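Chemist: okay, sequence plus prediction incoming.
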Amino acid sequence: MATVLICRRFPRLSRVTTFSTTAKCKAESGSSKSKQKKEENPETANTGTESVATIQLLNPLDYRVLYNPSAYAKSRAASQWQAARNSGQALGDTSTSPGTAQVQHTFGTASSQALPPIRNALPKPKSKPLLKQTISARLSAAQTEEEAEKEKTEIHDSKEDPRMFQKGRPEYRSLSYDKFEPVETLPLEEGDSILHSVAVYKGSQSPGTITDYFRKLSRLPVEQHAALLSKPRFNTLCRCAVKNIELFSTSDLIDILKACVRLVVPPTHPLLNACENEFCRRVWDMNLDQLLLVADCWRCLERSVPSYLSILFSYANMHWKDLTLPQFIQLVYIIGEGRRSPADLTQKIESMILKYLDSFTLEEVGAICLGLFKSLSGISDHVMRKIADRVSLQVEDMSTYALVNVLKILRYTRIDHLPLLKELGKVIPARIPTINIQGIMHISLTCSSLHYFDEGVMAAVAMSVPSKVTYCRSKDAAKFLWSFGCLHYEPPNEEEFYSSLIEQMHRKLHEFGKFPEHLLTGLLGLAFVKRFPEELIDYALRDEFVRKTRGSKYELKKDLFTLSKSVEIECPSYQGSRLPPQLYQEITEMVLNFAEQEIYVRPEIVEAVSLLESMLGGPAYVKNHMILPHTRSSDLEVHLAVDGHPIPFNLKDPIADKKLKDIGVSLTDDLMTQLIKGRPNSQSPMEVENEARTPGQERREEARTPRAGDSAALSGGALIADARLQVEPKSGRCLEALPSLTLNQQPRQVKLAIQVSNRNHYCYCSKRLLGLHCLKRRQLQQLGYVVVELPFWEWIPLLKRTRLEKLSYLHYKVFDPALLSRAG
């Protein structure tokens, strides 16, 4: 019986969950069976035991919902993916993390270890040792299960053939090698005869004969290749080839390399070492077709050959004007697969792209984009926009694989090409069910990286992920969570979507030791939408994991800081690991130093601070700082009393105020008499104040008096509080600083956190706030602040207007009666 979890939203309610009672009955009746089977094959998941998960809410306590996650249904393209695996896996990304083992965890109905995908969903507080034992047990179990499944073939292949463009033109046959091209199979008897001849002649054969032996042996049935490589006589043949390596003609040497590709000779084999050295020696005597063909063979063998590629790129640089279109495409493909970008070729690559752009097939456009992306080649905005212009006109005719490659380089160059993005929204949603999980991830990541929100695309992604989630690498799961969190989008199937990805993060826990950035990426994406899985957070904040982050090529301190502080504010019941105080201090100082240099000095912020000081009465009434340093953006803090008067709070260090050299007080005879003997009876307290007033105080008094031209803008509200300090110093004491007085008489007040926003806080061409800034405003409100925004679409245009208009706008924003009603 199918079980459905339905989430409905009602006005003014964060979430109401309804569920079928049949789910509970079925879970109870089948619990004994489900415990016996912890692993399921995705292809048969819907016919066997059904697993049960528990969703646990923080409030109210002990409220549980049971549901059955969607089983993986075989895609129509599964057979195509399998064929792609058989025909091109050797050319895929060799850095792919292990992801073939399918582990299905089962959570009992009363388990306190249930995944908490609901927002603010921390389980009941538990002891830290128990939490660590749980994580360790899961980590050990996942590693054991993955080792057991390591040699199983993944039915759903996550990689597609990056060489599909080579099928579009016959010229590629001379530039590349297709090891799956049908050949006449060599009988086993003839193979044995060849090996016998090798043993008899013991290396005395001619180079031509040795080459012919390699050609013929490579035509043995595929299932015989592994056995052939282990035979001593084949090793003897290889030694003969190494011994005579300089005697082979270039074409014969290429044929031996092709035979090694077909036989899947290990990339570290001594024969390949000798071949590489010889090809490097012969480069300048070979033509470009031969050079590209050899480079293609090295890629098929998955052998890194930086020296050969360096010489190839130098050759191409010298013969650049002679490159044909297919040669150029194949060269860019080789550059991408080699993961390196020759700096001296960048400008020439751009010129060739512009030259041939209209002649490229759509698959070739995709190949160029993938090559540029993989090699991290810099590409100008002009060229990228030209490519996007071409693609936007033919999106419907482009294969999904080629289109995803275009999106990768679009994301890398951060080009906001709206026509292409709009066409993407029309074409992609219908294709997503047939796209593999890595392709879907790149689509959602492109949207989030460009801050482009298309609900149709993101909803289609969310619907597709749960059924394919077990094929997610740790990287994929993390970037899905980041993409949706960054755009602050909770899809219609949000509970199924988030619970499936959090569960996959648990399955891949063992991978995060090697890739710590992926765990933090996923947890931050969850935090943006107010979801905090306690066990994963505890693991991420442990000293052991924090030490691993230091070895990452990415700077992860700020991410740790943001995560830990967010948990501290939003999850008061959390009892797991926390960052050490000294690390907090170190990161805070780093963030604040950056803010002083890059954020506080932005013109729109400086102008707002200056005008607010003028309007409210001086620097004591406004503070430009980061209230929440972990959110990495500034705030203008203002305090108002319940009657609308501003309250001074941004005060100098009392000790510094007492130093006469800092405040500029003139030491007159009368003042010295007052300091030594006390105030003379003939002087009033006000006269003492006027004598001791500093030039800075006089300027602030002036600032608190509105200019004549500003009166119209500031009328209608109580703007200026009489902040004059009535000081009556007692004998033998210095003047007390302002903080001691204000702290003794704290009025009821409202604390404003004024946000001077910019375009980067919002989705592209939208007023939809991004996840990080939603998190910040949510946390400010939890700490008692009232968030007031100066949105960029209002404030930036005002910067060019008159002072009076700007003051009027700020007065309207700050002295909103609705804000004052919140004072308490």
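Modeler: That came through fine.

Chemist: surely residue 399 meets residue 164?
Modeler: Yes: if you go by C-beta atoms under 8 Å, residue 399 and residue 164 touch, sitting 7.3 Å apart. Glycine gets a C-beta too; all of them are placed from N, C-alpha and C.

Chemist: which neighbours do those two share?
Modeler: residue 363 (C-beta atoms under 8 Å, 6 or more residues apart in numbering).

Chemist: higher neighbour count, those two?
Modeler: Using other C-beta atoms under 10 Å, the more surrounded residue of residue 399 and residue 164 is residue 164, with 18 against 15.

Chemist: right, and that one touches residue 362 too?
Modeler: No: taking contacts as C-beta under 8 Å, residue 164 lies outside contact range of residue 362: 10.6 Å.

Chemist: tell me, what's touching those two both at once?
Modeler: By C-beta under 8 Å, 6+ apart, the residues touching both residue 164 and residue 362 are 399, 402.

Chemist: if I look at residue 462, how far off is residue 778?
Modeler: Applying C-beta to C-beta, to the nearest Å, the value for residue 462 to residue 778 is 22 Å.

Chemist: neighbour count for these two, which is higher?
Modeler: A count of neighbours by other C-beta under 10 Å puts residue 462 above the other of residue 462 and residue 778, at 24 against 15.

Chemist: could you give the average pLDDT over the strand or helix carrying the more buried one?
Modeler: Residue 462 is located in helix 455-468, with elements delineated by DSSP states H and E. Averaging pLDDT along helix 455-468 gives 95.

Chemist: all strands for this structure, in order.
Modeler: 5-8, 16-19, 53-56, 64-67, 623-625, 635-641, 749-756, 785-790 (DSSP state E).

Chemist: tell me which residues of the fifth one are tucked away?
Modeler: By neighbour count, with 16 or more other C-beta atoms under 10 Å as the criterion, the buried positions of strand 623-625 are 623, 624.

Chemist: tell me which strands it pairs with, and in which orientation.
Modeler: When pairs are called by DSSP bridges, strand 623-625 turns out to pair with strand 635-641 (antiparallel).

Chemist: got the angle between the partner strand and strand 749-756?
Modeler: Counting by axes from the mean of the first three to the mean of the last three C-alpha atoms, to 10 degrees, strand 635-641 lies at 150 degrees to strand 749-756.

Chemist: contact partners of strand 635-641?
Modeler: Strand 635-641 has contacts (C-beta under 8 Å, 6+ apart) with 605, 608-609, 612, 616, 621-628, 646-647, 649-650, 721, 747-756, 780, 785, 814-815, 819-820, 823.

Chemist: can you dump the C-alpha atoms of that strand in CSV for me?
Modeler: C-alpha atoms of strand 635-641 as CSV (Å, rounded to 0.1, in the frame of the first residue of the first chain):
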residue,chain,number,x,y,z
ASP,A,635,24.3,47.0,10.4
LEU,A,636,23.5,50.6,11.5
GLU,A,637,22.3,50.2,15.0
VAL,A,638,19.9,52.9,16.5
HIS,A,639,18.1,52.8,19.9
LEU,A,640,14.8,54.6,20.3
ALA,A,641,12.8,55.2,23.5
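
Chemist: let's have the chain start at 6 instead
Modeler: Will do, 6 is the new start, and the previous item becomes strand 640-646.

Chemist: and it with strand 790-795, angle?
Modeler: Using the same axes, to 10 degrees: strand 640-646 against strand 790-795 is 120 degrees.

Chemist: of the strands of the chain, which shows the lowest average pLDDT?
Modeler: Ranked by mean pLDDT, the strands of the chain end with strand 69-72 at the bottom, a mean of 32.

Chemist: worst-scoring helix or strand of this structure, pLDDT-wise?
Modeler: Across the helices and strands of the chain, the lowest-confidence element by mean pLDDT, DSSP states H and E is strand 69-72, at a mean of 32.

Chemist: which one is residue 525 nearest to, not counting chain neighbours?
Modeler: Distances taken as C-beta to C-beta, 6 or more residues apart in numbering place residue 564 nearest to residue 525, at 4.3 Å, with adjacent residues excluded.

Chemist: what is the neighbour count of the one you found?
Modeler: For residue 564, the neighbour count with other C-beta under 10 Å is 21.

Chemist: I'd like the distance between it and residue 551.
Modeler: Residue 564 is 11 Å from residue 551, where distance means C-beta to C-beta.

Chemist: equivalent analysis for residue 526, please.
Modeler: According to C-beta to C-beta, residue 526 and residue 551 sit 16 Å apart.

Chemist: which one of the two is surrounded by more residues?
Modeler: Between residue 526 and residue 551, counted using other C-beta under 10 Å, the more crowded position is residue 526 (25 against 19).

Chemist: in contact with the more buried one, which residues?
Modeler: Neighbouring residues of residue 526 by C-beta under 8 Å, 6+ apart: 483, 484, 486, 487, 564.

Chemist: pretty sure the second one contacts residue 450?
Modeler: If I follow you right, that is residue 484. Yes: between residue 484 and residue 450 a contact is recorded at 5.0 Å, counting by C-beta under 8 Å.

Chemist: these two: who's more crowded?
Modeler: A count of neighbours by other C-beta under 10 Å puts residue 484 above the other of residue 484 and residue 450, at 24 against 19.

Chemist: thinking again about what came up before, tell me the spacing between the residue nearest to residue 525 and residue 630.
Modeler: For residue 564, the distance to residue 630 - C-beta to C-beta - is 22 Å.

Chemist: check residue 402 too.
Modeler: Residue 402 sits 54 Å away from residue 630, going by C-beta to C-beta.
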